[in-house]
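Peer 1: Make a model of this:
(chains A, B, C and D)
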Protein chains: 2
Amino acid sequence: MEYYKIDEVARKTGLTKRAIRYYEEIGLFQPAKRSEGGIRLYTDEDIQQLKRMSEIREVLGFSLQEIRRFMELTEELEAHRRGYRQSDVPEKQVEELKEIRDTVTRQLDMIRYRMKKMTQFKQELEELLDRVNKGLARRENQ
Amino acid sequence: MEYYKIDEVARKTGLTKRAIRYYEEIGLFQPAKRSEGGIRLYTDEDIQQLKRMSEIREVLGFSLQEIRRFMELTEELEAHRRGYRQSDVPEKQVEELKEIRDTVTRQLDMIRYRMKKMTQFKQELEELLDRVNKGLARRENQ
DNA sequence: GAAAAAATTAACGTTAACGTCAAGGTTAAT
DNA sequence: ATTAACCTTGACGTTAACGTTAATTTTTTC
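Peer 2: Residues are numbered from 1 along each chain as shown, chains lettered A, B, ... in the order given. From the prediction side, this is the model:
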């Protein structure tokens, strides 16, 4: 497998090196491994995940704490599928699933609300742009 | 006309009193007027505008600086319509209109990009929610 | 008109998310 | 085996957007 050092990861993700190290510092994202000398090494999958985190932050405006929760959801569900489906205490499983469901539901509500509002802003801006363009055309036809 | 004091404005907009005063402090938003004794008085229109600013911040993640620019756009266009349509130097008018057009175009691009990404996240979450619900149903049918 | 309730300014505090050195260790290229 | 280029870990600095507290004024209510 191929490994990348932090500078290339920064270029490929659009994050700064400092940000990537910071995410590790607060326990948000660990590199695939380190070299003998302690240099951070990342895989392509790592890069995809960092990109995803960056997009979530940019688009949804999540804090890093919220992103952590968001990323955990996928993981938790994966765990449910594989691991302790048969093993663990059933009650605890249901509780966990319900909590996931509630979190996801809240996030979906928020996304729907924002998309609705965004559509409004978009329309307003499109009308505004239209008026501006008409004003410009009028001035150039003279 | 009816006037409201800051406490009521805060309740009606969802902003805190501190935030409202801060917006004034940085020159982002001025109340309609003050009382003799210096107490801030707001109109219904003020409240609508504050609500709008709050939504822009929440949904688009704009900084207060960006919100200022955003609010100025509408105003500038208003000015163009009424005031110096005939009076001012035509060259300057065209420059201003072009700048507005460019700003709005950039904002629209950004909104379209975000809505696209949001739609993706929404789909992912809906699928995830689906799987969670199926998991829960399976557990309750036993 | 006195007391309570709410408003004002001023000023310092807080938090997240990095930016920016500095001092030193690792790796790659000659 | 040197450099040069890149990496590491501290550790302190910065910025936006308020929160909080305190000391005074204004307004409202009884």
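Peer 1: unless I'm mixing things up, A:Glu96 is touching A:Leu73, no?
Peer 2: No - with contact defined as CB atoms under 8 Å, A:Glu96 does not reach A:Leu73; the gap is 10.9 Å. Just so you know, the C-beta spots here come from the backbone N, C-alpha and C atoms, and that holds for glycine as well.
Peer 1: Tell me the spacing between A:Gly27 and A:Arg138.
Peer 2: 58 Å (CB to CB, to the nearest Å).
Peer 1: A:His80 now?
Peer 2: To A:Arg138, A:His80 is 63 Å away according to CB to CB.
Peer 1: counting contacts, what elements does the least confident helix or strand in chain A by mean pLDDT pack onto?
Peer 2: Sorted by mean pLDDT, DSSP states H and E, the helices and strands of chain A end with helix A:64-82, the least confident at a mean of 85. Where contact means 3 or more CB pairs under 8 Å, 6 or more residues apart in numbering or on different chains; DSSP states H and E, helix A:64-82 is packed against helix A:44-60, helix A:90-140, helix B:90-140.
Peer 1: To DNA strand C, which of these lies closest?
Peer 2: Minimum separation from DNA strand C across these (CB to the nearest atom of the strand) falls at helix A:44-60, 6.5 Å.
Peer 1: Please export the alpha-carbon coordinates of the closest one; CSV is fine.
Peer 2: The C-alpha coordinates for helix A:44-60 follow below in CSV (Å, rounded to 0.1, in the frame of the first residue of the first chain):
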residue,chain,number,x,y,z
ASP,A,44,-5.7,7.1,0.3
GLU,A,45,-8.6,6.1,2.5
ASP,A,46,-7.3,8.5,5.1
ILE,A,47,-7.3,11.3,2.6
GLN,A,48,-10.9,10.6,1.6
GLN,A,49,-12.0,10.7,5.2
LEU,A,50,-10.2,13.9,5.8
LYS,A,51,-11.8,15.4,2.7
ARG,A,52,-15.2,14.3,4.0
MET,A,53,-14.6,15.9,7.3
SER,A,54,-13.5,19.1,5.6
GLU,A,55,-16.7,19.1,3.5
ILE,A,56,-18.9,18.4,6.5
ARG,A,57,-17.4,21.4,8.3
GLU,A,58,-17.6,23.6,5.3
VAL,A,59,-21.1,22.8,4.2
LEU,A,60,-22.9,21.9,7.4
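Peer 1: Give me the pLDDT for A:Gln142.
Peer 2: pLDDT, A:Gln142: 65.
Peer 1: Any residues of chain A in contact with DNA strand D? List them.
Peer 2: A:Lys5, A:Ile6, A:Asp7, A:Glu8, A:Lys17, A:Arg21, A:Gly38, A:Ile39, A:Arg40 (CB under 7 Å from any atom of the strand).
Peer 1: now the fifth one: how far from A:Glu8?
Peer 2: Separation of A:Lys17 from A:Glu8 (CB to CB) stands at 10 Å.
Peer 1: And what about the residue of chain A found nearest DNA strand C, helix, strand or coil?
Peer 2: Going by CB to the nearest atom of the strand, DNA strand C is nearest to A:Gly37 of chain A, at 2.3 Å. With DSSP: H, G, I helix; E, B strand; the rest coil as the basis, A:Gly37 sits in coil.
Peer 1: Could you give the number of residues near it?
Peer 2: 5 (other CB atoms under 10 Å in any protein chain shown).
Peer 1: Next: A:Leu60.
Peer 2: 19.
Peer 1: again with A:Arg81
Peer 2: A:Arg81 - counted by other CB under 10 Å - has 10 other residues nearby.
Peer 1: May I have stretch A:73-80 exported as CSV, CA atoms only?
Peer 2: Listed next in CSV are the C-alpha coordinates belonging to stretch A:73-80 (Å, rounded to 0.1, in the frame of the first residue of the first chain):
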residue,chain,number,x,y,z
LEU,A,73,-22.3,7.1,13.7
THR,A,74,-21.1,5.2,10.6
GLU,A,75,-18.6,3.3,12.7
GLU,A,76,-21.0,2.4,15.4
LEU,A,77,-23.4,1.0,12.8
GLU,A,78,-20.6,-1.0,11.3
ALA,A,79,-19.8,-2.4,14.7
HIS,A,80,-23.4,-3.4,15.1
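Peer 1: Narrow the residues of chain A next to DNA strand D to those in helices?
Peer 2: A:Ile6, A:Asp7, A:Glu8, A:Lys17, A:Arg21 (DSSP state H).
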